[in-house]
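In: please work out how this folds:
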Amino acid sequence: QVQLVESGGGLVQAGGSLRLSCAASGSTNTILDMGWYRRVPGNQRELVASINSAGFTRYADGGKGRFTISRDNAENTVYLQMNSLKPEDTGVYYCIVDYLGIVDGRDRYLEVWGQGTRVTVSS
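Out: This next block holds a predicted model:
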C-alpha cells in the first residue's frame, strides 16, 4: 500500500506562486505515475499535471508555461510549482499516485488519492 500526505496549498493573490508537495510512504518501490488533479462537477477529476517514472510530463493546457511538475524519487515526493496564478486556478488539488500492488495474490495497477489541498487565488 501507498499513503500520501499533501501540503502547500493556501491563499494567494493573482500573479503569485505556490508550491504543492505530496510525499508518499509505504510500498514506494512500486510507484509508477504521480500527478496532480482537481475535482470537477460530476465527481470527475481534471488533470493538472502528471509525471511518470521516467520523468515524462503532461500538463493541462491551462497550466502550460505556468506550472512545473517534478518528482524526487529518492524522497518519494512529487511537487507542483505554480506560478502566475489566476483566479480560475482556484480549487482543491489532489495528488494521485498509480502503483503496482497485489490484490488477491495477483499484480494489480492501483491508485491512491491524497487528502486534497485547497488553492485559492484572489483577484
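In: for the closest residue to residue 1 other than its chain neighbours, what are its contacts?
Out: Excluding its sequence neighbours, the residue lying closest to residue 1 (C-beta to C-beta, 6 or more residues apart in numbering) is residue 26, at 4.9 Å. No exception for glycine: its C-beta is placed from N, CA and C like everyone else's. Residue 26 makes contact with 1, 2, 3 under the criterion C-beta atoms under 8 Å, 6 or more residues apart in numbering.
In: in helices, which of these fall?
Out: If you go by DSSP state H, the contacts of residue 26 have nothing in helices.
In: show the buried residues in the residues you listed.
Out: Those of the contacts of residue 26 that meet the buried threshold are residue 2, by 16 or more other C-beta atoms under 10 Å.
In: what are the contacting residues of the longest strand along the chain?
Out: Determined from DSSP state E, the single longest strand within the chain is strand 91-103. Contacts to strand 91-103, defined as C-beta under 8 Å, 6+ apart, come from residues 1-2, 4, 6, 9, 20, 22, 24, 27, 30-39, 45, 48, 78, 80, 107-114, 116-119.
In: go again with 7 Å.
Out: 1-2, 4, 6, 9, 20, 22, 24, 27, 30-39, 48, 78, 107-114, 116-119 (C-beta atoms under 7 Å, 6 or more residues apart in numbering).
In: what subset of these is buried?
Out: Using 16+ other C-beta under 10 Å, the buried members of the contacts of strand 91-103 are 2, 4, 6, 9, 20, 22, 24, 30-31, 33-38, 48, 78, 110, 112, 114, 117, 119.
In: got the CA coordinates for the longest strand of the chain in PDB?
Out: Output of strand 91-103 as PDB, limited to C-alpha atoms (Å, rounded to 0.1, in the frame of the first residue of the first chain):
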ATOM      1  CA  GLY A  91      -9.800  24.600  -6.400                       C
ATOM      2  CA  VAL A  92      -8.900  21.600  -4.400                       C
ATOM      3  CA  TYR A  93      -5.800  19.900  -5.700                       C
ATOM      4  CA  TYR A  94      -5.400  16.200  -5.200                       C
ATOM      5  CA  CYS A  95      -2.200  14.200  -5.500                       C
ATOM      6  CA  ILE A  96      -2.800  10.900  -7.200                       C
ATOM      7  CA  VAL A  97      -0.300   8.100  -7.400                       C
ATOM      8  CA  ASP A  98      -0.500   5.000  -9.500                       C
ATOM      9  CA  TYR A  99       1.400   2.000  -8.200                       C
ATOM     10  CA  LEU A 100       1.700  -1.800  -8.700                       C
ATOM     11  CA  GLY A 101       0.100  -3.700  -5.800                       C
ATOM     12  CA  ILE A 102      -1.000  -7.200  -5.100                       C
ATOM     13  CA  VAL A 103      -4.700  -7.900  -4.700                       C
END
